[in-house]
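1. Based on what follows, work out the 3D shape:
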Amino acid sequence: MVRNSLKGGLTGYLPGIALLAFCVWGGSSSGAPGKWTDRGASDPAADGRILWAPRVAQDPNSLTTVFKYTDFTDVSGLTLNGNAEQQGRFLLVTPAGGGAGSVWYTNQVNVAQGFLTQFRFKIRRLPNLCPGDGMAFVVQNSSLSALGTGGGWMGYGGISNSLAVEFDTHVNTGFYDPNNNHVGVQSCGISANTPDHGTTCNLGLRANPPVTLSDGNPHAASISYFPTQGGSGLLSVEIDKQVVLTSTVDLSTLLSLNGDDAWVGFTAGAGACDESHALAAWELATVATAGAD
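-> Below is the predicted model:
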């Protein structure tokens, strides 16, 4: 992937407008079941934009685009583990059928000095089944093959040296989940991560976000982290143009990084309460320029 400045990229977004792909889980044009298709939608990458202008204090002009996937027809530069799979224009972190999957950008990127990532996702439960279990955006310096446990662990539980922003769609009382629709930030530092909100690994929890994560509709998310000079910073999570959670962290001390760098990506998991977790687009920009191809 070639790095570009954000001029014409993130800075070209019209504030307050989310450019979402109208994706449905149903039959493909060939009639095969269980395929992701676009129904009555124009090309979501037609103008080179993905989402919107997020609410960040950092001047977007100071950021550098590390990568941009306007769809996943080409997954070059990504490493897929477990049940993760490409399906046409979409990337299923886990398809329906349970298990766990992870997807990592193959090159490490500079996260310690600040980053902004935006992505479109869709979580859909299977008919007549409860939703579960969820997906997460993860920063980790464990390994490129990192994959945690499925089910309520959502694919990130068990990954050491990681921070996860989870989009949890199932109540696991043993993890002190408040309900079946919440967003959380979890990190146990360099130890194995856990989705257990009853531990000190809980760095932030939003019990009632203003969206239903597993409603089968496409959603747009933005996660930003911009530390102060030599200190902690605000990790902010937006969904559909609404700030749902913020947490103060210092990635440079919380995790053992490779200099300032780590792998970034997604995990997901499902169990008896089955659902699919799909990405339609993803891009990331950083303050610094580490991790170039």
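2. quick one: least confident helix or strand in this protein?
-> Each helix and strand of the chain was given a mean pLDDT (mean pLDDT, DSSP states H and E); the minimum falls on strand 23-26 at a mean of 32.
3. Go through stretch 272-292 and flag the buried ones.
-> Within stretch 272-292, the residues scored as buried using 16 or more other CB atoms under 10 Å are 273-288, 290-291. Yep, even glycine has a C-beta here, placed from its N, CA and C like the rest.
4. Which residues are in contact with the residue lying closest to Pro178 once chain neighbours are set aside?
-> Nearest in space to Pro178, with sequence neighbours left out and distances taken as CB to CB, 6 or more residues apart in numbering, is Ala207 at 3.9 Å. Residues near Ala207 by CB atoms under 8 Å, 6 or more residues apart in numbering: 178-179, 182.
5. Ok, Asn179 next?
-> With CB under 8 Å, 6+ apart, Asn179 has these contacts: 171, 207-208.
6. Just to be sure, which of the residues you listed are found in helices?
-> Within the contacts of Asn179, no residue falls in helices by DSSP state H.
7. Mind putting those residues into a markdown table with distance to Ile123 and pLDDT?
-> Listed next are the contacts of Asn179 as a markdown table, based on distance: CB to CB, whole Å; pLDDT from 0 to 100:
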| residue | distance to Ile123 | pLDDT |
| --- | --- | --- |
| Val171 | 15 | 87 |
| Ala207 | 18 | 96 |
| Asn208 | 17 | 92 |
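8. Out of the residues you listed, flag the one nearest to Leu254.
-> Comparing these against Leu254 with CB to CB picks out Ala207 as the nearest, at 23.3 Å.
9. just to revisit the earlier point, from the contacts of Asn179, which single one is nearest Asp71?
-> Lowest distance from Asp71 to the contacts of Asn179 (CB to CB) belongs to Asn208, with 31.7 Å.
10. give the contact list for the closest one.
-> Shown in contact with Asn208 (CB under 8 Å, 6+ apart): 178-179, 181-182.
11. out of those, which are buried?
-> 181-182.
12. Of the contacts of Asn208, which belong to strands?
-> Judged by DSSP state E, those include His182 as members of strands.
13. Which pair of the contacts of Asn208 spans the longest distance?
-> It's Pro178 and Asn181 that sit farthest apart of those, by CB to CB, at 9.0 Å.
14. Near Asp215, how many other residues are there?
-> 15 (other CB atoms under 10 Å).
15. distance of the nearest residue to Gln242 once chain neighbours are set aside from Glu166?
-> Spatial nearest neighbour of Gln242, excluding adjacent residues (CB to CB, 6+ apart): Pro210 at 5.4 Å. Plainly put, Pro210 is 17 Å away from Glu166 if you go by CB to CB, to the nearest Å.
16. who's more crowded, these two?
-> Glu166 (27 against 10).
17. for the contacts of Asn208, which one is nearest Ala100?
-> Each of these was scored against Ala100 by CB to CB, and His182 proved nearest at 19.5 Å.
18. which strands and helices sit next to whichever strand or helix holds Gly265?
-> For Gly265, the element it lies in under DSSP states H and E is strand 261-270. With contacts defined as 3 or more CB pairs under 8 Å, 6 or more residues apart in numbering; DSSP states H and E, strand 261-270 has these neighbours: strand 90-94, strand 99-105, strand 109-110, strand 134-140, strand 275-286.
19. Good, we can wrap up now.
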